[in-house]
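# with the input below, show me the fold.
(2 chains)
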Amino acid sequence: MTRPTVAVWKFASCDGCQLTILDCEDELLAIAAALDFRMFLEAGPEEMLDHFDISLVEGSITTNHDAERIREVRERSGIVVTIGACATAGGIQALRNYADVEEYTRHIYARPDWIDTLATSTPIAHHIKVDHELHGCPINKEQLIATITALLAGRRTPVTSHSVCVECKQRGTPCLLVSEGTACLGPVTHAGCGALCPSINRGCFGCFGPSESANLPGLLEVLRVAGNDEHEVLASLRTFNVTKFDTGATP
Amino acid sequence: MTHDHRARRFNVEALTRVEGEGGLIVEVRDGEVADVHLRIFEPPRFFEAFLRGRAYSEPPDITARICGICPVAYQMSACQAIESALGVEVDAPLRDLRHLLYCGEWIESHTLHIHLLHAPDFLGYPSGIAMAAEHRFEVERGLQLKKLGNRIVEVVGGRAVHPVNVKIGGFYSTPTTATMAALAEELRAGLDAASEIARWVATFPMPDHELPDGTALVSLRHPTEYPMLGERLVSTTGLDIGVEEYLDHFAEVQVEHSTALHGQMLAGGDYLVGPLARFALNADLLAPRAAGLAAELGLTSAERNPFRSIVVRAIETVHACEVALSIAERYLVPTRAAVPVEAREGIGCGWTEAPRGLLFHRYEIDANGLIADARIVPPTSQNQPVIEHDLIHLIGNSLHLDDAALEHICEQAVRNYDPCISCATHFLDLRVLRS
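Alright, predicted model coming up:
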């Protein structure tokens, strides 16, 4: 692929994942030389092409208008890469999926009748075919660069399927769960952050969503035996990847 | 679009180089500006609704997700509010670390805004990346300083976007002295770069313009610090209030012609938050190099030209580097990473200065430590009325320009406010009711 055209699209989100592109300070000008950003509103480009070679999609679908817009993105795109927990899992705004969105609207707005919103926040892959997913709240900068590099080289994008536990072992962090009984979602969480939280003496809280073949009931039992409060553990599962760690109703 | 200057309507479908997505609709009738609407198509995410029932410990992580550009601001305001509700006071060294963390976010956010979002307007480029073709040195210098801001957030917060190390009562762990010494070394070079950046932006051609008459400037004020972490609120209209009094003086209202909540002073009139307001009310508290540069560049507390806010942002970046350096240089590992916290019933308010202005949080906590009510007032919803009125005023003085030039200066003027539309959870589609 020679200098592919690229679009960055935003749906319901905080902007943090597309900011990660601009946070590649050492690589940004090289990335901009290798990729032809034509649509990237936060950075400036706003050219609507009939076809983009690569679309990076941030955010979840929460309105009818966005549900149509994402189909249009698919039609215009060669490769669609979703970036971050909102796009891959619906984000924290998917807590509405387990609540009464009309009550939410009334709670915040004096005139709820002016608000256009869906009762659910859903991942992009619920609406269109997605070619690659980058997990995380936010995504990891190195994973983003590795994915872009792989797409440019025409090779398979790097895929990890293991859990955060492997990353703790790689960086030599003693297991907080085993040694101190700390509530840690590392055993069921997708790798990618580099096991940041355990390295600062904090249990993983699942930013990257579930790893493949995660045994959630098994972990919940271990945490219970270690004396952790079930309400707290369930609450931490019901955050940025609530739809993927699907544990039922919100606490 | 029409070239009849008596009746024109233009529609900037999508504002670029702002955080989040919005547009702008301007209507001119009979040679007068009839209406200006900042149109926002950011869908609501309902943070204040789903925070209810969550544990008191969760808002630093949850509210960070309101904004990927200024997550530290959300974490700091949330901590302050909840610690107030629970009667917790953090140790002085931990407060210093929070101050340092916040300096990192100011440096990162301001430098991003200056180089990639705003400078291209002044120098005539469509983007920071396009600008780099002819200003590579300046763009790379900016990116390196931005990286240093992120480095601070990583050292103290554990991660640049959505830091993981912040908790109610302090931190999960504290940096080592060796890490902090290395950071201080980087900050010495960063401070020089920041000073050069301030001199560079001061050379930009500045449109001659002033805020509309009667706009109040509002900022936090601290007895000894240029405000990041509080503590009172002051205004050019003579307000001087504590955080518990905020909602007695300010409100967010849903107005009929717009579905966006607008910040209002209950005493009447628009108010401005952010760098220009902070500087006007706190210039005497800048660190020495930042103060010297402000004087050198002719910036005084009487400055009311919103286009010059890019210079203020650069001065504040110098200030943040100086404060960060001073905290890093005198750093000793705190005796504890966090003070103990116990759940109890209470109400607490907190406010800090996000890079783009005042950010207010209020929480009601029940006896089980769960949140009964949450209220968040982000800077951009407070600035929205000023932005619209400023544009009416600016366009009124610029009707001789053709549509393309007028559109350009309007977009540039919106960026003066560094609006963060993702933050403004209450921003919605704006429907124009007039013909």
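
# alpha carbons only for contacts and neighbour counts from here, please
OK.

# how about low-confidence regions in the stretch 251-400 of chain B?
Residues of the stretch 251-400 of chain B meeting the criterion pLDDT under 70: B:255-260.

# how about the helices in it?
Taking DSSP state H, counting those that start in this stretch as the criterion, the stretch 251-400 of chain B carries its helices at B:275-282, B:288-296, B:309-329, B:379-396.

# distance to residue B:169 and mean neighbour count added to the ones you listed, as JSON lines?
JSON lines is the format used below for the helices of the stretch 251-400 of chain B (distance: least, CA to CA, whole Å; neighbours: other CA atoms under 10 Å in any protein chain shown):
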{"stretch": "helix B:275-282", "distance to residue B:169": "27", "mean neighbour count": "26"}
{"stretch": "helix B:288-296", "distance to residue B:169": "31", "mean neighbour count": "17"}
{"stretch": "helix B:309-329", "distance to residue B:169": "19", "mean neighbour count": "25"}
{"stretch": "helix B:379-396", "distance to residue B:169": "25", "mean neighbour count": "23"}
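
# closest to residue B:46 out of those helices?
In terms of CA to CA, the element of the helices of the stretch 251-400 of chain B nearest to residue B:46 is helix B:379-396, at 15.1 Å.

# ok, and does the following helix or strand past that closest one reach over to chain A?
Downstream of helix B:379-396, the first helix or strand assigned by DSSP states H and E is helix B:403-415. No: using CA under 8 Å from any CA of the partner chain, we find that helix B:403-415 stays clear of chain A, coming within 11.5 Å at best.

# got the buried residues for helix B:403-415?
B:403, B:406, B:407, B:409, B:410, B:411, B:412, B:413, B:414, B:415 (16 or more other CA atoms under 10 Å in any protein chain shown).

# next one: stretch A:29-44
Within stretch A:29-44, judged by 16+ other CA under 10 Å, the buried ones are A:29, A:31, A:34-44.

# count of neighbours near residue B:179?
For residue B:179, the count of nearby residues is 12 (other CA atoms under 10 Å in any protein chain shown).

# please read the previous query as pertaining to residue B:334.
Neighbours around residue B:334, by other CA under 10 Å: 16.

# from what I can see it touches residue B:93, true?
Yes: under the criterion of CA atoms under 8 Å, residue B:334 makes contact with residue B:93 at 6.0 Å.

# give me the element residue 155 is part of.
Since no chain was named, I'll use chain A. Remark: residue A:155 resides in no helix or strand, with elements defined by DSSP H and E.

# my bad, the chain I had in mind was chain B
helix B:136-157.

# elements contacting that helix?
helix B:92-112, helix B:128-132, helix B:177-201 (3 or more CA pairs under 8 Å, 6 or more residues apart in numbering or on different chains; DSSP states H and E).

# buried residues in it?
For helix B:136-157, using 16+ other CA under 10 Å, the buried residues are B:138-157.

# also stretch A:89-103?
For stretch A:89-103, by 16+ other CA under 10 Å, it's A:89, A:90, A:91, A:92, A:93, A:94, A:95, A:96, A:97, A:99, A:101.

# hang on, the earlier thing: chain A: which of the helices of the stretch 251-400 of chain B is closest?
With CA to the nearest CA as the measure, helix B:379-396 is the member of the helices of the stretch 251-400 of chain B nearest chain A (13.9 Å).

# what's the burial count for the nearest residue to residue B:125 once chain neighbours are set aside?
Distance criterion CA to CA, 6 or more residues apart in numbering or on different chains; nearest residue to residue B:125, sequence neighbours excluded, is residue B:131 at 5.6 Å. Neighbour count of residue B:131, defined by other CA under 10 Å: 20.

# quick check: residue B:131 vs chain A, distance?
Per CA to the nearest CA, to the nearest Å, residue B:131 is found 11 Å from chain A.

# ok, that residue - contacts?
Residue B:131 is in contact with B:120, B:125, B:139, counting by CA atoms under 8 Å, 6 or more residues apart in numbering or on different chains.

# repeat that for 10 Å
Applying CA atoms under 10 Å, 6 or more residues apart in numbering or on different chains, one finds that residue B:131 lies in contact with B:115, B:116, B:119, B:120, B:121, B:123, B:124, B:125, B:138, B:139.

# quick one: name whatever helix or strand follows the stretch of helix or strand residue A:67 belongs to.
In the assignment (DSSP H and E), residue A:67 maps to helix A:64-76. For helix A:64-76, the following helix or strand on the C-terminal side (DSSP H and E) is strand A:77-83.

# each with direction, which strands does that following strand pair with?
When pairing is defined by DSSP bridges, strand A:77-83 lines up against strand A:52-58 (parallel), strand A:132-134 (parallel).

# which other helices and strands does the helix or strand hosting residue A:169 contact?
Taking DSSP H and E as the definition, residue A:169 sits inside helix A:164-171. Helices and strands touching helix A:164-171, by 3 or more CA pairs under 10 Å, 6 or more residues apart in numbering or on different chains; DSSP states H and E, are helix A:196-199.

# could you give the mean pLDDT of the helix it packs on?
Mean pLDDT, computed over helix A:196-199, is 98.

# any residue of that helix up close to chain B?
Yes: with CA under 10 Å from any CA of the partner chain as the criterion, chain B is reached by helix A:196-199 at A:196, A:197, A:198, A:199.

# show me what whichever helix or strand comes after that helix is packed up against.
Using DSSP H and E, the helix or strand that follows helix A:196-199 in sequence is helix A:216-225. Applying 3+ CA pairs under 10 Å, 6+ apart, we find helix A:216-225 packed against helix A:176-180, helix A:230-237.

# buried residues, the first one. List them.
Going back to what we said before, that points to helix A:176-180. Buried residues in helix A:176-180, counted by 16+ other CA under 10 Å: A:176, A:177.

# quick one on the thing from earlier: any chance of CSV for the residues of helix A:196-199 next to chain B, columns distance to residue B:300 and neighbour count?
Formatted as CSV, the residues of helix A:196-199 next to chain B follow (distance: CA to CA, whole Å; neighbours: other CA atoms under 10 Å in any protein chain shown):
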residue, distance to residue B:300, neighbour count
A:196, 44, 22
A:197, 44, 23
A:198, 47, 24
A:199, 46, 20
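
# mind putting the buried residues of helix B:403-415 in JSON lines, distance to residue B:86 included?
Below are these laid out as JSON lines (distance: CA to CA, whole Å):
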{"residue": "B:403", "distance to residue B:86": "55"}
{"residue": "B:406", "distance to residue B:86": "51"}
{"residue": "B:407", "distance to residue B:86": "49"}
{"residue": "B:409", "distance to residue B:86": "48"}
{"residue": "B:410", "distance to residue B:86": "45"}
{"residue": "B:411", "distance to residue B:86": "44"}
{"residue": "B:412", "distance to residue B:86": "43"}
{"residue": "B:413", "distance to residue B:86": "42"}
{"residue": "B:414", "distance to residue B:86": "39"}
{"residue": "B:415", "distance to residue B:86": "38"}
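
# distance to residue A:20 and pLDDT added to the residues you listed, as CSV?
As requested, these are arranged in CSV below (distance: CA to CA, whole Å; pLDDT from 0 to 100):
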residue, distance to residue A:20, pLDDT
B:403, 34, 79
B:406, 32, 83
B:407, 29, 82
B:409, 28, 87
B:410, 28, 86
B:411, 24, 86
B:412, 24, 89
B:413, 26, 90
B:414, 24, 88
B:415, 21, 90
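
# farthest pair in these?
B:403 and B:415 (18.3 Å).

# tell me, what residue is most central in the chain?
All of this refers to chain A. For chain A, the residue nearest the mean C-alpha position is residue A:85 (1.8 Å; CA atoms, centre = their mean).

# oops, wrong one, chain B.
The residue lying closest to the centre of chain B (CA atoms, centre = their mean) is residue B:356, at 1.4 Å.

# so that one versus chain A, what's the distance?
Residue B:356 sits at a distance of 16 Å from chain A (criterion: CA to the nearest CA).
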